[in-house]
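Engineer: Let me see the structure of the following:
(4 chains)
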2 protein chains.
Amino acid sequence: MEEKEISQAVIGRLPRYLRYLGDLKDEGIERVSSQELSDIMQTTASQIRQDLNTFGGFGQQGYGYNVGYLYDEIRKILGIDREHRLIIVGAGHLGQALVNYTNFERRGFIFRGIFDCDPKICGKKVRGITVRPMEEMAGFIRDNDIDIAVLTIPKTSAVEVAQKLADCGIRGIWNFAHVDLPVPAYIQVENVHLSDSLMKLSYNISSVQEESETDRKVDGNGQNR
Amino acid sequence: MEEKEISQAVIGRLPRYLRYLGDLKDEGIERVSSQELSDIMQTTASQIRQDLNTFGGFGQQGYGYNVGYLYDEIRKILGIDREHRLIIVGAGHLGQALVNYTNFERRGFIFRGIFDCDPKICGKKVRGITVRPMEEMAGFIRDNDIDIAVLTIPKTSAVEVAQKLADCGIRGIWNFAHVDLPVPAYIQVENVHLSDSLMKLSYNISSVQEESETDRKVDGNGQNR
DNA sequence: AGGGTTGTGTCAATCGATTGACAAGAATTT
DNA sequence: AAATTCTTGTCAATCGATTGACACAACCCT
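Structural biologist: Residues are numbered from 1 along each chain as shown, chains lettered A, B, ... in the order given. Got it, this is the predicted structure:
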C-alpha cells in the first residue's frame, strides 16, 4: 500500500496549504495556479507542485488546481476527513485551555475525556466533560475508541504515563511535557515544546540585535521553518 | 559582528541539548563526550560536534565537554542568560494558561502585562497581573521595555494587532494565532500553530495504519524533527 | 616522562530537500 | 479549427544539512 517514504518536510507544509486554500474557498475563488498560490504564500511555485505531486496529480495543465477539490484531497491525506477522539491527560491550566479551544472540534478533533491524578480536581467539569481519576484511563481509552492522548502533565510523570498509554493501545500522543518520550515506533509522538520555541525566539531576537547595522528591509513573510 | 548565517536547524536543536545537559548537571555529572551525549539523545556524535562548533570550540580533546560550562555557553548563545519581558495579548483560556505556567519565569521569561479588547475581562487579575485594555498597550511596551509579545487572539484581529506591535517597537512575537504575520524583517516571529501540529500527528497516525503489515519494532526515539 | 587511549575540530562525502527548466497537455482566443 | 497562451508534472541541477573519517591535541596510566 505504501510506496515510498514521504518526508516530514512535505507533511509539515500541508496544513499551511490547507489554510490558504480554505481562505481562497471562503473568498469564492474556484481555481488557482501554483504561481498564484506561491505569490500569496511567499514560497516557490516549484515547491508547491513538487509537494502536491508527492501524492498524485491534483492539477490540470492550462487550468491549475481546483480549490475545493484540492482542499478536500489534502484533508484526506492528513486524515482529517474523519473524526479523531482525544483525551486530555493533565487537567491543569494548559489542559483546560485546550479543551476550551473550540477550533479543534471544528476540525474533527473531539475531546472525549479528561484525566488527572489529583483527587481534588477529579469530578470537576470542564466544558461539560468530567475530570476522571487516572485509574479509569486505560478502560476509558478502550471503551471509547480513543485515538490520541494529549499529555499536559509535568515532565516528572510524563514518561511513566506515556508507557501506560502505549500499553492500552493509544495511536498518537500530542506531547506538551518537556521530555522526549520513549515509546514503541508504531505510536506517533508530536512534540509541542513551548519553552524550546520561546528559546528559539530569544536567539533570533538576539541575533538580529547583533547584525543591527545591516539593512532593515521589510520582508513580510511570516511562515515558520 | 556577525560572520556567517547560522541555520535554523542548528538553533532548533540547541534547546534540546540544553535540556539534556541540565539533566546531566542535576545528576552531578561533570564531563560528557559527544559520543556519550549522542547515545543518550539518539543522535550522532558528529552532529553534536558540528553543531557546537558553529559557535566555537567548547570541548577539549581527550576530555570531552564540561557539562556546566557547555550549559552556560548554550544559554548565552540562546540569549536566555538575561531576562526577557513579555506581555500577553489576548486574555482567553490559552493566554491565561501561559501566564500561569511558572516554568517560563524560571527560564527568565517574565510576564509583565496582559491585554484584552473585551472590557468585561479588563481589570480582572491573572496570577497577580491585571488585564488592561488594548489602548494602553503601546505605552506599556515603551514604559516597561517589553521584548516579546505573546499573541493569543483569534486570527481575525491578529494581523492588525501585529502591525500595532511592530509600530511600537516590539522585538519578537510568539504567535499562537492561526495566521502568518506580515511584519518587518527586524521583528522575529515564532509561530506555534497548534492545529497544524495536530494535523501532522493525524497524518502520521494514518500513515502508520497503512503500512501496518510492516514490522513494529521498538525504536524509543521521541525527538521531533 | 613516555606510550597508549580518548575524543575534539574539521574536511570530505553522502544524503536529502529546494529550485529551475522544459516538454507536453489542456484551455482559451481568434 | 488553428494558433496561442497557460500551467502542470517531472527531470536535472543546485543548494543545504547530515554523516563519516581522520589528524592531532590532551588526558591518563604506569
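Engineer: which stretches of chain A have low pLDDT?
Structural biologist: Where chain A drops to pLDDT under 70, the residues are A:1-4, A:209-225.
Engineer: Up against DNA strand D, what does it have?
Structural biologist: Neighbours of DNA strand D within chain A, by CB under 7 Å from any atom of the strand: A:32-35, A:45-46, A:49-50, A:52-53, A:57-65. Yep, even glycine has a C-beta here, placed from its N, CA and C like the rest.
Engineer: Just the buried ones among the residues you listed, please.
Structural biologist: A:32-34, A:49, A:52, A:59, A:64-65 (16 or more other CB atoms under 10 Å in any protein chain shown).
Engineer: So which of these are in strands?
Structural biologist: Members of those lying in strands (criterion: DSSP state E): A:32, A:59, A:64-65.
Engineer: Which ones among the residues you listed also lie next to DNA strand C?
Structural biologist: Near DNA strand C, by the rule CB under 7 Å from any atom of the strand, you find none of those.
Engineer: now A:Asp147: how far from DNA strand D?
Structural biologist: The gap separating A:Asp147 from DNA strand D is 30 Å, by CB to the nearest atom of the strand, to the nearest Å.
Engineer: picking that back up, and the ones in strands among the buried ones among the residues of chain A next to DNA strand D, which two are the farthest apart?
Structural biologist: Among those, the pair separated by the greatest distance (CB to CB) is A:Val32 and A:Gly59, at 9.4 Å.
Engineer: okay, and the common contacts of those two?
Structural biologist: Counting by CB atoms under 8 Å, 6 or more residues apart in numbering or on different chains, the residues touching both A:Val32 and A:Gly59 are A:Tyr65.
Engineer: residues in contact with A:Asp51?
Structural biologist: Contacts of A:Asp51 by CB under 8 Å, 6+ apart are A:10, A:13-14, A:17.
Engineer: Show me which residues of chain A sit near DNA strand C.
Structural biologist: Residues of chain A lying near DNA strand C (CB under 7 Å from any atom of the strand): A:7-10, A:43-44, A:46-47, A:49-50, A:60-63.
Engineer: go again using 6 Å as the cut-off
Structural biologist: A:7, A:9, A:43-44, A:46-47, A:50, A:60-63 (CB under 6 Å from any atom of the strand).
Engineer: Dump those into a markdown table; add secondary structure and distance to A:Gly172 as well.
Structural biologist: Converted to a markdown table, the residues of chain A next to DNA strand C look like this (DSSP: H, G, I helix; E, B strand; the rest coil; distance: CB to CB, whole Å):
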| residue | secondary structure | distance to A:Gly172 |
| --- | --- | --- |
| A:Ser7 | coil | 19 |
| A:Ala9 | helix | 20 |
| A:Thr43 | coil | 28 |
| A:Thr44 | coil | 31 |
| A:Ser46 | helix | 32 |
| A:Gln47 | helix | 27 |
| A:Gln50 | helix | 27 |
| A:Gln60 | strand | 35 |
| A:Gln61 | coil | 38 |
| A:Gly62 | coil | 41 |
| A:Tyr63 | coil | 37 |
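Engineer: For the spatially most central residue of chain A, pull up the helix or strand it's in.
Structural biologist: Central residue of chain A (CA atoms, centre = their mean): A:Glu190, 7.6 Å from the mean position. According to DSSP states H and E, A:Glu190 maps onto strand A:188-191.
Engineer: Please pull up the helix or strand immediately following that strand.
Structural biologist: Downstream of strand A:188-191 (by DSSP H and E), the next one is helix A:194-210.
Engineer: any idea of the angle the top strand by length along chain A forms with helix B:194-210?
Structural biologist: Longest strand of chain A, by residue count under DSSP E: strand A:109-116. Taking axes from the mean of the first three to the mean of the last three CA atoms, to 10 degrees, one finds strand A:109-116 and helix B:194-210 inclined to each other by 100 degrees.
Engineer: Name the SS class of A:Ala91, please.
Structural biologist: The local conformation at A:Ala91, judged by DSSP: H, G, I helix; E, B strand; the rest coil, is coil.
Engineer: didn't it look like it was pressed against A:Arg127?
Structural biologist: No - using CB atoms under 8 Å, A:Ala91 is not in contact with A:Arg127; the gap is 11.5 Å.
Engineer: Which one's more surrounded, these two?
Structural biologist: The neighbour comparison of A:Ala91 against A:Arg127 (other CB atoms under 10 Å in any protein chain shown) goes to A:Ala91, with 23 against 13.
Engineer: how close does the more buried one get to A:Ser157?
Structural biologist: For A:Ala91, the distance to A:Ser157 (CB to CB, to the nearest Å) stands at 13 Å.
Engineer: For A:Phe109, give me its contacts.
Structural biologist: With CB under 8 Å, 6+ apart, A:Phe109 has these contacts: A:83-84, A:86, A:148, B:198, B:202.
Engineer: same thing but at 7 Å, please
Structural biologist: A:Phe109 makes contact with A:84, A:86, B:198 under the criterion CB atoms under 7 Å, 6 or more residues apart in numbering or on different chains.
Engineer: Can you pull the phi/psi pair for the closest residue to it other than its chain neighbours?
Structural biologist: Excluding its sequence neighbours, the residue lying closest to A:Phe109 (CB to CB, 6 or more residues apart in numbering or on different chains) is A:His84, at 5.0 Å. Phi and psi for A:His84, reported as degrees, to the nearest 10, are phi -120, psi 140.
Engineer: Burial check on A:Lys155, number of neighbours?
Structural biologist: When neighbours are counted by other CB under 10 Å, A:Lys155 comes out with 15.
Engineer: hang on, the earlier thing: give the partner strands of the strand holding A:Glu190 in its sheet and their orientations.
Structural biologist: strand A:172-175 (parallel) (DSSP bridges).
Engineer: then the partner strand to PDB, C-alphas only?
Structural biologist: Only the C-alpha atoms of strand A:172-175 are listed here, as PDB (Å, rounded to 0.1, in the frame of the first residue of the first chain):
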ATOM      1  CA  GLY A 172      -0.800   9.000  19.000                       C
ATOM      2  CA  ILE A 173       0.500  11.300  21.700                       C
ATOM      3  CA  TRP A 174       0.400  15.100  21.500                       C
ATOM      4  CA  ASN A 175       3.100  15.800  24.000                       C
END
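Engineer: For DNA strand C, what's the nearest residue on chain A?
Structural biologist: Taking CB to the nearest atom of the strand, DNA strand C has its nearest neighbour within chain A at A:Gly62, 2.6 Å off.
Engineer: Distance of that residue relative to A:Ser33?
Structural biologist: 10 Å.
Engineer: Ok, A:Leu52 next?
Structural biologist: 12 Å.
Engineer: Please apply the same query to A:Ala91.
Structural biologist: From A:Ala91 to A:Ser33 the distance is 48 Å (CB to CB).
Engineer: For A:Leu18, pull up the helix or strand it's in.
Structural biologist: Going by DSSP H and E, A:Leu18 is part of helix A:8-26.
Engineer: which of the residues in that helix are buried?
Structural biologist: Those would be A:10-21, A:24, for helix A:8-26 by 16+ other CB under 10 Å.
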